[in-house]
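# quick one: sequence and predicted model below, then my questions.
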Amino acid sequence: SYAAPVLRVEPGDVVRLTVANDSTLATNVHYHGLTVTPLGNADNVFLSIPGSGGSLTYDFPIPADHPQGLFWYHPHVHPNVNRAIAAGLSGGLIVGVVLRPFPGLQGIRERVMLLKDLKIQRGAPKEDPDPTGPTRRTINGLFRPTIDIRRGELQLWRIGNIGANIYYKLRLDGHHFFVIAQDGNLKNQVIKTRELLIPPAARYEVLVRGDPRGKYKLRA
């Protein structure tokens, strides 16, 4: 699947994750944005899992006071980082409950919206795409999906750019974004904006309230 699993952990948990590498390239996992140890079988970018059958089990704790929000993970073996992410090897990682400090927002609908772009060549993602020129932009691996929201409903959108190299400038016709967190860090106040500029690796967690009934375009 072009959309990798979304991993969820709580502060104080221990991550034990076995990576079985059936590709031809060496790989590893970088837990992007996490404040964890870079040593041993943890967020160690110098580890290398050989291709064609190699495996490794990651085993490390998430600190009890770790910031809560949206992070992500991807391979970090140079010089193939761009190639690996363009092939789809990146996914979301959520720590804790970002709305925990806001009792009035408990139970609202959450959407994890992970942005990736891909260039297709002979029916498959191009291995090492040039970042310029036309590209297909996807949400959770889907091209132009439909997102439903009821009139007046408040939703939490967790938006992350987990693609290789392009920026996203997002607007939702007729609506505002209310930013509550950025890159896994809560804001000290809600920021109301019509537009989100999201470079590679950046994440925004925003509230969106459904406007009157109709169809609206989420534009990049």
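Yep, that arrived.
# residues near T18, how many?
By other Cβ atoms under 10 Å, 9 other residues sit near T18. For the C-beta atoms, the positions are set from N, CA and C on the backbone; glycine is no exception.
# dump the residue contacts of it.
S55, L56, T57, Y58 (Cβ atoms under 8 Å, 6 or more residues apart in numbering).
# bridging residues for the second one?
Beta-bridge pairing for L56 (DSSP bridges): V19.
# list the neighbouring strands of the lowest-mean-pLDDT helix or strand in the chain plus their orientation.
Sorted by mean pLDDT, DSSP states H and E, the helices and strands of the chain end with strand 124-125, the least confident at a mean of 82. Strand 124-125 pairs in its sheet with strand 120-121 (antiparallel), by DSSP bridges.
# residues making contact with the strand it pairs with?
K126, R136.
# not counting its neighbours along the chain, what's nearest Q106?
L99 (6.4 Å; Cβ to Cβ, 6 or more residues apart in numbering).
# and the one you found, how far is that from T37?
According to Cβ to Cβ, to the nearest Å, L99 stands 28 Å off from T37.
# these two - which one has more neighbours?
Taking other Cβ under 10 Å, L99 and T37 do not tie; L99 has more neighbours (20 against 13).
# show me the contacts for the more buried one.
Listed by Cβ under 8 Å, 6+ apart, the contact set of L99 reads L105, Q106, I108, L156.
# try 7 Å
Residues in contact with L99 (Cβ atoms under 7 Å, 6 or more residues apart in numbering) are L105, Q106, L156.
# distance of it relative to A84?
To A84, L99 is 32 Å away according to Cβ to Cβ.
# for S52, same thing?
Per Cβ to Cβ, S52 is found 16 Å from A84.
# for I198, same thing?
According to Cβ to Cβ, I198 and A84 sit 20 Å apart.
# again, but for P101
Separation of P101 from A84 (Cβ to Cβ) stands at 36 Å.
# so for those two, which sits in the more crowded spot?
A84 (22 against 10).
# and the spatially closest residue to that one that is not a sequence neighbour, what is it in contact with?
Leaving aside its chain neighbours, A84 sits nearest to P75 (4.2 Å; criterion: Cβ to Cβ, 6+ apart). Contacts for P75 (Cβ under 7 Å, 6+ apart) come out as T27, N28, V29, V81, A84, L89.
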